[in-house]
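Trainee: what follows is a predicted structure for the sequence shown.
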Amino acid sequence: MPKTILLSAGLPTGVVGPFHSGLKKGYSNLHVLETLPMASEKYTPRYARDLYHKAVAGLPEIVHADVGSPWDSRFVVLYIRKSDGSERHLIERFGLEALLIPLVMGALGKAPKKHQSSKMANNLLKQTKRLLGNAQGVLSSVALQLKNRDVRTCLLLPRANYGAEFEKVEDFVQEAVTDFDSMEAFDSGLKAVADRLPKDSEHRFRSGELVFRGTPRARGRHGSTPTLLAKGDHDDRCVIRGHIRFGAPYDPKFHYDCDLPQNHSRRFTSCHGEHTLRRGRTHVNIAPNDNVR
């Protein structure tokens with residue numbers, strides 16, 4: 001089984017130590033990234049951003065792959081649920097590249113602070129044991145889709161350029177962790193989601209006039225994805241989302257060839273801004289991370 005990189009989010013300072021210690025003792029195949037304790041009661045855009053940067057800083061020591069090759073790791077984020085809606089900042093930051101595992105932290109009691117922290121950590125570890133098992137089932141299904149069906153699966157559609165319909169795919173995958181039954185049930189549910197997405201006459205996914213035609217390996221893939229150590233003009237998210245989707249790695253050379261209708265706009269949302277194609281182009285290449293060429 002491939003190694004799993006784990007990041008925790010939303011933990012109070014006193015809980016981080018005993019929780020991470022329990023994870024490292026209980027799971028030999030986990031690589032637990034250093035996290036940022038959360039001092040406030042709410043997630044903020046700054047916390048989510050800083051946590052992302054901290055996670056990225058720890059990845060080069062764990063992820064080993066030649067340039068242009070898939071990564072050898074999976075990625076999950078354990079996070080504390082909030083009832084105020086602030087967890088949306090964390091989900092927006094990590095929900096496309098990581099598989100998210102929600103945990104519920106109970107209220108503080110009247111025991112000494114150290115005892116409370118230990119009790120909270122133990123409670124979270126119990127939840128983690130059950131949900132991490134569910135997550136591995138989801139990850140196995142996702143990994144098979146990304147390896148064997150990358151041309152046909154809905155999992156790799158570029159979120160920005162495919163549009164709001166992709167939210168149905170993202171919601172299905174992320175919600176599957178809490179009620180996972182079997183890989184067969186997951187695959188069946190994913191197929192039902194994919195069947196409801198717009199398609200052309202050849203059953204390829206479509207958004208408006210744009211048809212997303214995946215490039216098969218046999219034709220040769222010329223996609224180009226930056227690396228963590230050589231990002232160029234790209235940022236960290238361009239790199240991570242160019243290698244991993246919903247916690248499982250995919251071929252970083254994979255991209256979609258989309259024919260451009262005559263009057264279609266030449267301006268596209270790219271992975272870190274906008275990209276305008278030159279006049280005369282009859283097609284556009286769009287990677288799953290929305291890198292447009």
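Mentor: Looks like it came in fine. Since the structure is predicted, the reported quantities are computational estimates derived from the model, not experimental observations.

Trainee: now do the nearest residue in space to Pro45 that is not next to it in sequence against Asp181, distance only.
Mentor: Nearest residue to Pro45, sequence neighbours excluded (Cβ to Cβ, 6 or more residues apart in numbering): His89, at 5.1 Å. Yep, even glycine has a C-beta here, placed from its N, CA and C like the rest. Per Cβ to Cβ, to the nearest Å, His89 is found 30 Å from Asp181.

Trainee: between those two, who's got more neighbours?
Mentor: His89 (19 against 12; other Cβ atoms under 10 Å).

Trainee: hang on, the earlier thing: secondary structure class for the residue nearest to Pro45?
Mentor: Assigned by DSSP: H, G, I helix; E, B strand; the rest coil, the conformation of His89 is helix.

Trainee: next SSE downstream of the helix or strand containing Val15?
Mentor: Assigned by DSSP states H and E, Val15 belongs to helix 13-26. Downstream of helix 13-26, the first helix or strand assigned by DSSP H and E is strand 30-32.

Trainee: which parts of the longest helix along the chain are buried?
Mentor: The residue-count maximum for a helix in the chain (DSSP state H) belongs to helix 113-148. Buried residues in helix 113-148, counting neighbours by 16 or more other Cβ atoms under 10 Å, are found at 116-121, 123-125, 128, 131-132, 134-143, 145-146.

Trainee: which residues sit in contact with Pro216?
Mentor: Val151 (Cβ atoms under 8 Å, 6 or more residues apart in numbering).

Trainee: distance check, it against Val169.
Mentor: Going from Pro216 to Val169 by Cβ to Cβ gives 21 Å.

Trainee: I figured Lys24 hits Pro18, correct?
Mentor: No - Lys24 sits out of contact with Pro18 when judged by Cβ atoms under 8 Å, with a separation of 11.0 Å.

Trainee: roughly how far does the residue nearest to Ser270 when sequence neighbours are not counted sit from Leu260?
Mentor: For Ser270, ignoring the flanking residues on the chain, the nearest one in space by Cβ to Cβ, 6+ apart is Val292 at 4.5 Å. Counting by Cβ to Cβ, the gap from Val292 to Leu260 is 12 Å.

Trainee: mind checking how far the closest residue to Ala176 other than its chain neighbours is from Gln116?
Mentor: The spatially closest residue to Ala176, leaving aside those adjacent along the chain, is Val138, at 5.1 Å (Cβ to Cβ, 6+ apart). Distance of Val138 to Gln116, computed by Cβ to Cβ: 32 Å.

Trainee: contact partners for Thr13?
Mentor: Counting by Cβ under 8 Å, 6+ apart, Thr13 has contacts Pro37, Ala39.

Trainee: next one: it from Arg46, what distance?
Mentor: Using Cβ to Cβ, Thr13 is found at 17 Å from Arg46.

Trainee: show me what contacts the residue nearest to Ala176?
Mentor: Leu99, Val173, Ala176, Val177, Phe180, Phe186, Phe246, Gly247.

Trainee: let me know the next secondary structure element after the longest helix of the chain.
Mentor: Taking DSSP H and E, what comes next after helix 113-148 is helix 159-162.

Trainee: and that following helix, what does it pack onto?
Mentor: Secondary-structure packing of helix 159-162 (3 or more Cβ pairs under 8 Å, 6 or more residues apart in numbering; DSSP states H and E): strand 267-270.

Trainee: thinking again about what came up before, hmm, the residue nearest to Pro45 is touching Ala48, no?
Mentor: Yes - with contact defined as Cβ under 8 Å, His89 counts as touching Ala48 (4.4 Å).

Trainee: mind listing what the least confident helix or strand in the chain by mean pLDDT pairs with, with the direction of each?
Mentor: Every helix and strand in the chain was compared by mean pLDDT, DSSP states H and E; the lowest is strand 273-276, with a mean of 86. Using DSSP bridges, the strands paired with strand 273-276 are strand 267-270 (antiparallel).

Trainee: buried sites along the strand it pairs with?
Mentor: For strand 267-270, the neighbour count (16+ other Cβ under 10 Å) marks Phe268, Thr269, Ser270 as buried.

Trainee: okay, the residues you listed in TSV with distance to Leu156 next?
Mentor: Formatted as TSV, the buried residues of strand 267-270 follow (distance: Cβ to Cβ, whole Å):
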residue	distance to Leu156
Phe268	17
Thr269	17
Ser270	17
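
Trainee: and the residues you listed as a markdown table, adding distance to Arg159 and pLDDT?
Mentor: Shown next, in a markdown table, are the buried residues of strand 267-270 (distance: Cβ to Cβ, whole Å; pLDDT from 0 to 100):
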| residue | distance to Arg159 | pLDDT |
| --- | --- | --- |
| Phe268 | 13 | 90 |
| Thr269 | 9 | 90 |
| Ser270 | 12 | 89 |
